[in-house]
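Peer 1: Provided below for reference: sequence and predicted model.
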Amino acid sequence: MGTKGHLIATRFFSSNASSYDKIVRLTTFYRDSSWKREMMRFMDGKNKQVLDLACGTGILSSFIHNGSSSAKIFGADLTYEYLKLAKNRQSYALLTNSLAEFLPYRDESFDVIVSSYLVKYAELSTMVREHWRVLRKGGKIIIHDFTYPNARIMKLLWHFYFQILNELGKVIRPWKDVFSNLDKLIQQNPWVNNLVKELDIVGFTYISKKYYTCGTSAIVYAKK
């Protein structure tokens with residue numbers, strides 16, 4: 001079963017896995033690593049089973065491993081070509097080609113669920129309930145993605161930045177669709193407040209949200 005978000009994600013990432021790592025570093029001005037390190041601050045280093053959702057090429061797995069060397073990391077992603085690259089990192093106990101809303105795992109399988117750049121594509125209500133199902137009591141979720149800034153000057157800079165990306169897409173063809181449409185997806189998706197609402201409805205506690213890099217990125221944390 002798919003959604004509009006899944007169709008968009010599939011279209012965005014169907015033919016660019018080999019260049020993903022380089023592109024994400026350059027287009028975030030190397031802030032991607034900083035955001036992932038911030039995600040790891042919410043982990044306590046004692047987590048045994050960690051699910052990396054929308055794991056992509058596996059970038060986040062190295063941060064998880066550094067923060068909790070004993071963790072057993074599972075990865076899931078929508079795109080098979082990305083999973084093949086993630087496998088080469090050899091940090092995962094298991095990789096699955098699956099949706100965030102329908103996970104092939106038993107109830108209460110994980111201590112932590114982390115995801116980066118996933119939530120804007122997801123059907124939040126279904127995803128949050130699935131997170132609740134596969135998390136153990138006391139388990140955590142740590143979710144990161146891009147956000148549309150509030151400050152006027154940052155909005156101007158943000159739109160100018162995406163104009164540049166749109167031009168780059170004409171040269172870097174595998175990324176043309178992403179660079180042409182990602183800004184609209186971020187701008188039209190107030191995922192932070194929507195996610196906080198869904199987490200509260202399901203029963204998560206200690207819910208927090210924090211913005212980074214002048215409001216262009218955010219991390220939401222919650223505990224079962």
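Peer 2: Looks like it arrived, so ask away.
Peer 1: In terms of secondary structure, what does the helix or strand containing I143 contact?
Peer 2: For I143, the host element (DSSP states H and E) is strand 135-146. Helices and strands touching strand 135-146, by 3 or more Cβ pairs under 8 Å, 6 or more residues apart in numbering; DSSP states H and E, are helix 31-40, strand 110-116, helix 191-202, strand 217-223. In this view, the C-beta of every residue, glycine as well, is placed from N, C-alpha and C.
Peer 1: mind giving me CSV with these and columns for mean neighbour count?
Peer 2: CSV is the format used below for the helices and strands packed on strand 135-146 (neighbours: other Cβ atoms under 10 Å):
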stretch, mean neighbour count
helix 31-40, 17
strand 110-116, 25
helix 191-202, 17
strand 217-223, 21
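Peer 1: For F179, find the nearest of these.
Peer 2: The closest of these to F179 is helix 31-40. By Cβ to Cβ, the value is 16.1 Å.
Peer 1: The least confident helix or strand in the chain by mean pLDDT - contacts with which helices or strands?
Peer 2: Lowest on mean pLDDT, DSSP states H and E among the helices and strands of the chain sits helix 59-67, with a mean of 88. With contacts defined as 3+ Cβ pairs under 8 Å, 6+ apart, helix 59-67 has these neighbours: helix 31-40, strand 49-53, strand 72-77, strand 110-116.
Peer 1: That one: how far from the chain's middle?
Peer 2: In terms of Cα atoms, centre = their mean, to the nearest Å, the centre of helix 59-67 is found 14 Å from the chain centre.
Peer 1: Next, the angle strand 135-146 makes with it.
Peer 2: Following axes from the mean of the first three to the mean of the last three Cα atoms, to 10 degrees, one obtains 120 degrees for the angle between helix 59-67 and strand 135-146.
Peer 1: Please enumerate residues in contact with helix 59-67?
Peer 2: With contacts defined as Cβ atoms under 8 Å, 6 or more residues apart in numbering, helix 59-67 is touched by 21, 24, 32-33, 36-37, 39-40, 43, 45, 50, 52, 55, 71, 73, 75, 86, 89, 91-92, 114, 116.
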